[in-house]
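[1] Output the structure for:
(one chain, ligands or ions: 1)
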Amino acid sequence: MGMGVDHASFRAAMARFPGAVTIITACQGEERRGITATAVCSVSADPPSLLVCVNRKTGTCAAIRETRAFNVNLLPDPASPLAMRFAGADGVTGEDKFAKGSWTEDSRGLPLLGEALIGFSCEVSEMIEAGSHTVFIGEIVDIRLSDGAPLVYEQSRFHRLAPL
Ligand SMILES: Cc1cc2nc3c(=O)[nH]c(=O)nc-3n(C[C@H](O)[C@H](O)[C@H](O)COP(=O)(O)O)c2cc1C
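    So this is what the prediction gives:
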């Protein structure tokens, strides 16, 4: 890493950076794929688009590359066990992750979480290789909204929002 910034410093600093917790989903053939992700960011309103950063080692990355489609599910604050599961914490991978949560599908057949506060359906418009990750820019083709408070991650812990 350049300018004397090592992995530990990067990780320690990024751990302080609070993130809204999502599950990014995709399909590879008949099988569903999903990961917990905080690297999700608004890109532009015209066209409506967002970006996600996905580790190339994950099946989710391969699935998005192949199909050029993904969903972003924003988690409500009671969903931290599901966030841990989709981060691979239970040693569960691939299709088996979907045994918990109320999963449905969008018109394209991609997984949507019933409990999600927001469900974004995206079509990939650009892919950028960046270190260990692929940055997918997704044009948003559908949005579903529900009421509730989002789950937040900071300093290796889950939090709920409290008004000031
Ligand atoms: C709070 C949290 C946020 C994460 N954010 C991302 C992310 O933005 N991008 C990513 O590629 N992985 C992220 N991960 C790691 C992936 O969830 C993890 O590598 C993946 O689920 C492993 O899946 P597998 O065991 O099925 O390979 C995050 C993990 C946690 C706990």
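
[2] and the next element down the chain from the strand or helix carrying Ile64?
    Secondary-structure element containing Ile64, defined by DSSP states H and E: helix 59-67. Proceeding C-terminally, helix 59-67 gives way to strand 69-74 as the next helix or strand, assigned by DSSP H and E.

[3] What strands line up against that following strand, and which way round?
    Applying DSSP bridges to the sheet, strand 69-74 is found paired with strand 22-28 (antiparallel), strand 118-130 (antiparallel).

[4] Could you point out which residue ranges in the chain have low pLDDT?
    For the chain, residues meeting the criterion pLDDT under 70 lie at 1-3.

[5] Show me what from it comes close to the ligand.
    When proximity is defined as CB under 6 Å from any ligand atom, the chain approaches the ligand at 21, 35-39, 53-55, 58, 86-88, 93, 133, 153. Yep, even glycine has a C-beta here, placed from its N, CA and C like the rest.

[6] can we see that at 8 Å?
    If contact is defined as CB under 8 Å from any ligand atom, the residues of the chain in contact with the ligand are 19, 21, 24, 33-40, 52-55, 57-61, 83-84, 86-89, 91-94, 97, 133, 153, 158.
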